Structure formats: C-alpha cells, structure tokens
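>>> Pasting the sequence and the predicted model now:
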Amino acid sequence: MRHDHLISAKQLSRGDIEAVLDRAAEIDADPGAVAGTHADTLLGLLFFEPSTRTKMSFDTAMKRLGGRTIDMGSVESSSVKKGESLADTVRVIEGYADAIVLRHPSEGSAKLASEFVDIPVVNAGDGAGQHPSQTLLDLYTIRQNAGLDDLTIGIMGDLKYGRTVHSLAHALTNFDASQHFISPESLRLPRGVRYDLHEAGAKVREHTELDAVLGTLDVLYVTRIQRERFPDENEYRQVAGEYRIDAELLEAASDDLTVMHPLPRVDEIAPDVDGTDYATYFEQAHNGVPVRMALLHEIL
Amino acid sequence: MRHDHLISAKQLSRGDIEAVLDRAAEIDADPGAVAGTHADTLLGLLFFEPSTRTKMSFDTAMKRLGGRTIDMGSVESSSVKKGESLADTVRVIEGYADAIVLRHPSEGSAKLASEFVDIPVVNAGDGAGQHPSQTLLDLYTIRQNAGLDDLTIGIMGDLKYGRTVHSLAHALTNFDASQHFISPESLRLPRGVRYDLHEAGAKVREHTELDAVLGTLDVLYVTRIQRERFPDENEYRQVAGEYRIDAELLEAASDDLTVMHPLPRVDEIAPDVDGTDYATYFEQAHNGVPVRMALLHEIL
Amino acid sequence: MRHDHLISAKQLSRGDIEAVLDRAAEIDADPGAVAGTHADTLLGLLFFEPSTRTKMSFDTAMKRLGGRTIDMGSVESSSVKKGESLADTVRVIEGYADAIVLRHPSEGSAKLASEFVDIPVVNAGDGAGQHPSQTLLDLYTIRQNAGLDDLTIGIMGDLKYGRTVHSLAHALTNFDASQHFISPESLRLPRGVRYDLHEAGAKVREHTELDAVLGTLDVLYVTRIQRERFPDENEYRQVAGEYRIDAELLEAASDDLTVMHPLPRVDEIAPDVDGTDYATYFEQAHNGVPVRMALLHEIL
C-alpha cells in the first residue's frame, strides 16, 4: 500500500488489512519503537465537516510518530468560502504537506482530490460514501475482542445512511463472517450495498428486531439513528426507542459479546452499559490511534 | 500534586501553591532547563467556550516544555453539536492525550469530567465556578510584585459573577492578606463566597467606593463589568464609569501599587495607565506561561 | 532586516528583496540544511480574517524550520469578541510567542500592532493595505520563471481593491520592469497607487483590453474580480467574462508566457489552462513555503 491513496475500504485486500492490523498491534505493544520515525513529516488535515474523533486521532497518530500537522481549520475560516474548488485547494496543500487527510460532505470527493495530487490522500469520510480508516479500526477492535474468523456480527441502527456500516460490511467479506443487519424497515441497507455484499459472497441476513439474533452474536455494532432522517418527531422517538440497548436487554446476550459503536452516541446505548464487560466503544475509539499510526506508517 | 486533577483553587494548600510558584520562578529564571523535558507528552485542549489567553498560554506552556497539543477546536467544528455528552467526549480524548485542559460553560463540568478519566484534568474555567490556573498566575504575580504576606489587596468590579475573583479570594486565605472588595451594591460578592471566606478566617471588608481604601493598597485587582449583566444600558454606563481607573485617579495611590487585571479589559483601565509603573496586567498575562509550565510539570 | 517588522513591501529595498529571494532559493535547493535551525521558536498566528494559503504556508514554513506555532483561532473562538483591542491582544501574545504573523481587516493594523510589541510583526494582509510576504513569493516566482530584469508584465483584473497588486507593482519599481495594467474602467488602479508608481519612476501603461499587449508579455498576473464589488449581477458577469482567460485565448501569447494568480481563483482562469506550460499559479502558491522560511529565517 506504500505511497498509495486510501479512498475506500473496497480497495483493501485481506492482505492489506492484515498488514495494517499487524502493524497496529506492534505499535500498541510498543509505541516507543515508532515514536520518532516521522520527525520531518507534515500531515495536512482538511476537514470540510465537523469532526472530533477522526481529526483528533489522526492528529494524535501523526504526532505520536514524531511528525507534525497543519490544519485548514473550519470552512468558515478558510478561502473555501471565497468559492475555491476542492481541486484547487488540494493542489495548493500539496505544496505544503506530505500527505492529506480529507473529510468532505460530497461523495466521491476524496477520489477526485486524489486525481489532482501526487501525495497520498486518505479519505476520512466523503458524505454518504466511505470512511476506510474507521473500518480499519473497527476491524482491529473486532480482531482483538472476538477474532475476524468464524465471526457472527450484528450491525444495528441506521443502515441506510451510515457510511461506517457500508464500509465495514464490505470489508468483512474478506473474512469468514456471518452478518446480521438489524434496523427498521425505513433504514434498511440500500439495495446497492446489499447487491455488492451478495456479489462478494457475504453471508447476510436482515432483521427488524434484535431479539431474534442477540444470543448468537459475538459482536453487536450499534449506530446512531439520526433525528433529521425522520419527518415526524414522534416516529423518530418510537423507532429510536426500539433500537436502544441497555444492561437489562443485554442479559440475553452471550457473556463474551462485544458491543461497539463508532461514536458519537446520543441515546442508542444506555449509560448503564458503560460499566459492563460488553462495552468496547471507548476502546474502539482509542484504537483509532495505533491503527492510524500504522496506516500513516504504511503510506508515508 | 503529582498525577492529580486540578479542579478548584480550594483544593490547593499553601504548600501546593508555593511548590508551583517556586517551580514557576525557577522556570522563569532558566526556561532552557525544562525545554525538552516533555517531548513525548500530548496535551488535549478542550475549550467549549471562547478563549485567547488561557488556551494560548497552555498551548505555549506545553510546547515550551517540548511537548505537543491536540485541539478539539470550536464546538461548532466538533461532534459536540451532534449531541455527545461531555463524559463521552473526555473518555474518547483519554485515549489520545496524556492530560486534558478543559473549559466549559457549566459549573461542575471539570469535576464531572475528572470522574470519568484516569488522566489529569485541569479546569480552565467552568462557568461561574473555578479557574485555578488563573489563580496561580495571579498569586505568582502578586508574590513577585508585592509579596503574599502582609498583603493589602483591593479587588474591584464585578465580584458577583467573576470566577477569577472567587478563586483568588479563597486562595489568599492561605496567606496573611487583608482583602478589600469594591463594587456596586448589585455586583457584591455572593453570600456563599462571603461565608466561605469568613469560615476560612479571611480578613475581608466591603466597599462601594475605591477612594476610601486606594491609599492603603499594595495591589489593586480590577475586573471587567459586563454589559450583559445590566438590563439597562444607561445603568451599565453609569456603574462602569464609576469603577474605571485612570492615571489621574491613581495619583492618590501608593507609589508601589501594583495594578492587575485578568484581561480582556474593555474600559475598566484607561490606556494612560499602561505606561505607568503601576500597570502589571500584561506581565500578569505573560506569567501564565511559566506558571502553567510549572503546573504541567507537576501533574505530568 | 534582522529583528525588524515586515509591514509593507514599500519598506523593502532591492537588496532586502534579493537577500530573501536568494535565501529562499538556497532553501528550495536544500530544505534539509535549515530543517532544525529554529527548534525553540514559537510563532504566533493571529488571523482576524479567513485564510487558507497564507496561514497554512506560514505554519508550514515555521514547522519546516523545526519550530512550532500557536494559533489564536477564529475571532469567534477568541476573546476578541469580548471587545479586546488589537493593542491589548498583541501585547499579551508578545509574552507567548517569538514573532507574530497578523492578518486583520483594518488597513494600518499591522503597523499599529508593531508599535506595541518588541517582537517582530509580519503583516499577512491588513485590509486593502499591504501583504508583503505575498509580494516576496510573487517576485520569487517571477524571478524563477522570467527573471526580474527586462521584465514585461501584465497585471489584470481587480486593480482597484487588490492589495496584492498594489504591493507587487510597487516592489517591481526596484527592478527594470515594464508594467501593463489591464482592467475595466471601474476597477482601475487607484489614483494614489498610480501616483506612487509614477514617483518611483515605474514604466506603467494602462489598458482596458488584454489583446493589445498579450503578445508582448513575459508574465500575466491575473486577479479575481469580486462579485461583491458590483451592485448589479449582470454587470459583474459581463465584466468578469471579459477578463477571463482560457487556453484558446493564450494561443496569441508568447510560448514563454508565465501565468500567475494569487489564488483563490473562481472563474478568472479556465481549468483548461491548468495543464499548459503557462500555468504557474500552483507553483507560485508552493513558493510561499521557501519564501516564508527565508523570511522567518531573516527576522528570527
């Protein structure tokens, strides 16, 4: 993967994924070994949309490798509001930074950016498209907690709009995983994603209720159901309430269940789950650092 | 104080304060001695409210120690606006940073944050609550210019809402200080703070006019009277005008008077004071760097 | 220029300019030679207006020299909105940083700031005033591509409001350049600038159409015509359309023509020019790094 762009989880083979995950595990075990390896590297952070976790963990990852970052800041404080095109912006930044991490509201923006520059571009979320570094840290977390082979995973919540879900589901087709998708009818996986998964030979089942499969799961991956997807506030509340988990509900789960969430969460996981052994979502967020260190190490 | 949170000036004993102030004086005298001591440290800056001085001086302090910072940016550019709780935000950042500096509009927020993480949390202002690192730099400035023992200090302006004032007044009870509080009736020290000071054995007197005590003061600590505290613009102007100082007014003061202000100022101190020997407010702001270097050195 | 402020391109002699440009060329040829030379330097970035290029390239320049930066952030996230004066802000920052880079909407602000502090202030744009580091990178780009002596340059677009244009035009009077100004009647060079150029002995001609001179130019410097300068949208479109260049139009130019633009561009240069040998505007933006490294190297 050296000197390549990372645009989509789809471009990653099982070998690519395992290389990053193995490197991340090494870094996790001994962060000091890579601490000063990128002292002359400058990473450009271009976030055209709000972000806490992704931006700060890339920032952390670069700095833990000894490098530095330059940050475009918010769109409001940049020349973007003067009407500059994304192609122009990245061609300028190419002269400053050694690689670009890009988040942008338009699907396909990272691909487009990568066609205009000779430095690596990492897609940190392009609208409803892809978010491959999130997928890598998700896979890393699954591997650490449940293993990637013989995995039975439930993915629940907003399966229609969640780019995290689409990337993860596709990446799991590289492994021997059974995927259960749990959502209200209105937030099912898009037809295109279902087709893709089918083509890739994925073992997929869809459900409208968690009860049917909870006991069989190694991992339950919960996502946020966004209020703004529902025209009616009451309908939102009812749907969100049905796909909310708490400690009591998890009594029906295996003791080894790993509960994940890409965060931020609002109400999907009750705080009483936080103290249980199921809760792995903060560890998952923290895994963003070694995984992104490994990723930067690979492409720089 | 090693590996502890710094939430309130109230938690600091005279010994704690003197340890930080002594260290700050050492650093001030020879910044080079600590320049590279924290090369592997990453400080998380979480400012949920605007700040120039506090944020930039923590940023400076960490970098002057050789460390690095990661910045959440403004609330508008973070996941906070997606509805994430403070407890979740800090638990995520805990995986990135070695310590957290937190400013938040809600009183008690720093305490709450500290209960969710195992890394040190420094309160950089929690609503009308505390701002202990400001207190430490205030004490440092007083010690350098007037000494902390046998001190006669006047604290003037908005004594009702100013967290800076409450923290400083309480911290001074560790020393042998006479405290004079000068304010309009409507902006007197809150009853709870007066009670606290009384319990701590403080020597306190309240005044509505500066004239009565100006000649006796070693230090005059001026604070900003905020327009938004007054329903009526005219009343604001009248009150603000009465608690404004200028060079002429200071002719009645001791030649050794030290004039301080936490900044930003608007109209409370006339520009003609800036060039006098009284003016110590820029030096006070600059002291934020060695004091915060000392503080970070203690807790990291 | 050591330990001086850089407020205006007018303060730069031919010798000053050549010293910075020579140093920039050395850095360009061997960036490693200066990589760690400013490890203890902290540069304060104070941008009271949006910026991508200027801010990020100063940030990059400081970091490529081994130094660090502290960033005030946007006005909205700073104490400026509490009503603090610029003089107070820079006097505070003086205690944190070793030099200040300032962008501010008011003409004369950088000059004013420089009168209040003892550390170097670099003007990164003061309203309709000056932007001297832009001028230095423009001169560097011209020297690399066409040479500064015997130069024939066309400067086109908004000549009335463009601070970039005024600074560049004045700086070119240090060299033996023929300057052609091409603009609609309503956006001509201001009388004061014309007078200044005349006094400095500049060889200046003004045109309303590019055709008349295109074939004679070594450099064509294009600037953005801003929509908000026109009360009428139709008039804007007509004017902007007449001063737009594309690959077809450039067939009438010399093969050696260098096309420059300070960026961001909106529609002034068609994308079909990007792939031609004329296009030098991205190289020009990239030159901001070595030129600002050289500048910081000179003043720090």
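Alright, I've got the coordinates.
>>> next SSE after the longest helix anywhere in chain A?
Counting residues, the longest helix in chain A under DSSP state H turns out to be helix A:14-29. Next along the chain after helix A:14-29, taking DSSP states H and E as the criterion, comes strand A:42-47.
>>> What is the subsequent helix or strand relative to that following strand?
helix A:53-64.
>>> Which strands or helices does that following helix pack on?
Contact here means 3 or more CB pairs under 8 Å, 6 or more residues apart in numbering or on different chains; DSSP states H and E; on that basis helix A:53-64 packs against strand A:42-47, strand A:68-71, strand A:99-104, strand A:121-126, helix A:132-145, helix A:288-299, strand B:42-47, strand B:68-71. All C-beta spots, glycine's among them, are computed from the backbone N, C-alpha and C.
>>> The same query, at a cut-off of 6 Å, please.
Contact here means 3 or more CB pairs under 6 Å, 6 or more residues apart in numbering or on different chains; DSSP states H and E; on that basis helix A:53-64 packs against strand A:42-47, helix A:288-299, strand B:68-71.
>>> Which one of these lies nearest to chain C?
Ranking these by distance to chain C, with CB to the nearest CB as the measure, places strand A:42-47 first at 6.0 Å.
>>> Domain map for chain A?
What automatic domain parsing lists as the domains of chain A is A:9-130+A:288-299, A:132-286.
>>> Please export the C-alpha coordinates of the helix or strand harbouring residue A:88 as CSV.
Here residue A:88, judged by DSSP H and E, is contained in helix A:86-93. The C-alpha trace of helix A:86-93 is given here as CSV (Å, rounded to 0.1, in the frame of the first residue of the first chain):
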residue,chain,number,x,y,z
LEU,A,86,-11.6,21.3,-4.0
ALA,A,87,-9.2,20.6,-6.8
ASP,A,88,-7.5,23.9,-6.4
THR,A,89,-7.4,23.6,-2.6
VAL,A,90,-5.7,20.2,-2.6
ARG,A,91,-3.3,21.3,-5.3
VAL,A,92,-2.2,24.2,-3.1
ILE,A,93,-1.9,22.0,0.0
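>>> the inter-axis angle of it versus strand A:121-126?
In terms of direction (axes from the mean of the first three to the mean of the last three CA atoms, to 10 degrees), helix A:86-93 departs from strand A:121-126 by 140 degrees.
>>> Neighbours of the nearest residue in space to residue A:104 that is not next to it in sequence, how many?
In this structure, residue A:104 finds its nearest non-sequential neighbour in residue A:48, 4.5 Å apart by CB to CB, 6 or more residues apart in numbering or on different chains. When neighbours are counted by other CB atoms under 10 Å in any protein chain shown, residue A:48 registers 20.
>>> Do you know the pLDDT at the closest residue to chain B within chain A?
With CB to the nearest CB as the measure, residue A:286 is the residue of chain A nearest to chain B, at 2.8 Å. We have a pLDDT of 98 for residue A:286.
>>> Counting by contacts, list what the helix or strand of chain A at the bottom of the mean pLDDT ranking packs against.
For chain A, the helix or strand with the lowest mean confidence is helix A:233-242, at a mean of 85 (criterion: mean pLDDT, DSSP states H and E). Identification of packing neighbours for helix A:233-242 by 3+ CB pairs under 6 Å, 6+ apart yields no helix or strand.
>>> Please report how far the residue of chain A positioned farthest from its centre lies from residue B:267.
Distance to the chain centre peaks in chain A at residue A:82, reaching 31.0 Å (criterion: CA atoms, centre = their mean). From residue A:82 across to residue B:267, the span is 35 Å (CB to CB, to the nearest Å).
>>> Next secondary structure after the one helix or strand residue A:212 maps to?
Using DSSP H and E, residue A:212 sits within helix A:211-214. Next in sequence after helix A:211-214, counting helices and strands by DSSP H and E, comes strand A:219-222.
>>> how about that following strand, does it reach chain B?
No - judged by CB under 6 Å from any CB of the partner chain, strand A:219-222 stays clear of chain B, getting no closer than 13.6 Å.
>>> pLDDT of the helix holding residue A:88, averaged?
96.
>>> Now do that helix and helix C:288-299, the angle between them.
40 degrees.
>>> packing partners for helix A:86-93?
So helix A:86-93, by 3+ CB pairs under 6 Å, 6+ apart, packs with no helix or strand.
>>> mind checking how far it is from the chain centre?
25 Å (CA atoms, centre = their mean, to the nearest Å).
>>> likewise stretch A:54-70?
17 Å.
>>> and that stretch, which residues are buried?
A:54-70 (16 or more other CB atoms under 10 Å in any protein chain shown).
>>> Buried residues, the least confident helix or strand of chain A. List them.
A:236, A:239, A:240.
>>> doesn't residue A:224 make contact with the last one?
Going back to what we said before, that points to residue A:240. No - using CB atoms under 6 Å, residue A:240 is not in contact with residue A:224, being 9.0 Å away.
>>> Please save the CA atoms from stretch A:23-40 in CSV.
Output of stretch A:23-40 as CSV, limited to C-alpha atoms (Å, rounded to 0.1, in the frame of the first residue of the first chain):
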residue,chain,number,x,y,z
ARG,A,23,1.5,-3.2,12.4
ALA,A,24,-1.1,-1.5,14.7
ALA,A,25,-0.8,-4.4,17.1
GLU,A,26,3.0,-4.0,17.2
ILE,A,27,2.6,-0.2,17.8
ASP,A,28,0.1,-0.8,20.5
ALA,A,29,2.5,-3.2,22.2
ASP,A,30,5.5,-0.9,21.9
PRO,A,31,4.6,2.7,20.9
GLY,A,32,8.1,3.8,21.7
ALA,A,33,9.5,1.8,18.8
VAL,A,34,8.0,4.2,16.2
ALA,A,35,8.0,7.4,18.3
GLY,A,36,10.5,9.4,16.3
THR,A,37,10.2,7.7,12.9
HIS,A,38,8.5,10.6,11.0
ALA,A,39,10.1,13.7,12.5
ASP,A,40,10.2,15.5,9.2
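>>> which outside residues touch it?
Defining contact as CB atoms under 6 Å, 6 or more residues apart in numbering or on different chains, one finds that stretch A:23-40 is touched by A:65, A:66, A:67, A:140, A:290, A:291, A:293, A:294.
>>> Could you identify the most distant pair in those?
By the measure CB to CB, the contacts of stretch A:23-40 have their two most distant members at A:66 and A:140, which lie 21.9 Å apart.
>>> In CSV, list the helices and strands packed on helix A:53-64 along with distance to chain C.
What follows is those, written out as CSV (distance: least, CB to the nearest CB, whole Å):
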stretch, distance to chain C
strand A:42-47, 6
helix A:288-299, 16
strand B:68-71, 8
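>>> Out of these, the one nearest residue C:183 is which?
That would be strand A:42-47 among those, by CB to CB, at 33.4 Å.
>>> Now do the closest one against helix A:86-93, angle only.
160 degrees.
>>> So which of the domains of chain A is the most surrounded?
Highest mean neighbour count of the domains of chain A: domain A:9-130+A:288-299, a mean of 21 (counted as mean count of other CB atoms under 10 Å in any protein chain shown).
>>> Surely residue A:151 touches residue A:176?
No - applying CB under 6 Å as the test, residue A:151 and residue A:176 come out as separate, 7.2 Å apart.
>>> Quick check, the residue in chain A closest to chain C?
For chain A, CB to the nearest CB, closest residue to chain C: residue A:95, 2.8 Å.
>>> Now that residue, what are its backbone angles?
phi -80, psi -10 (degrees, to the nearest 10).
>>> any weak-confidence spans in the stretch 1-150 of chain A?
A:1-3, A:77-81 (pLDDT under 70).
>>> could I have stretch A:107-115 exported to CSV, CA atoms only?
Coordinates of each C-alpha in stretch A:107-115 appear next as CSV, following Å, rounded to 0.1, in the frame of the first residue of the first chain:
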residue,chain,number,x,y,z
GLU,A,107,-19.5,11.5,-2.0
GLY,A,108,-16.6,11.0,-4.3
SER,A,109,-14.6,14.0,-3.2
ALA,A,110,-11.6,12.0,-1.9
LYS,A,111,-11.3,10.1,-5.2
LEU,A,112,-11.5,13.4,-7.1
ALA,A,113,-8.9,15.0,-4.8
SER,A,114,-6.5,12.1,-5.2
GLU,A,115,-6.6,12.6,-9.0
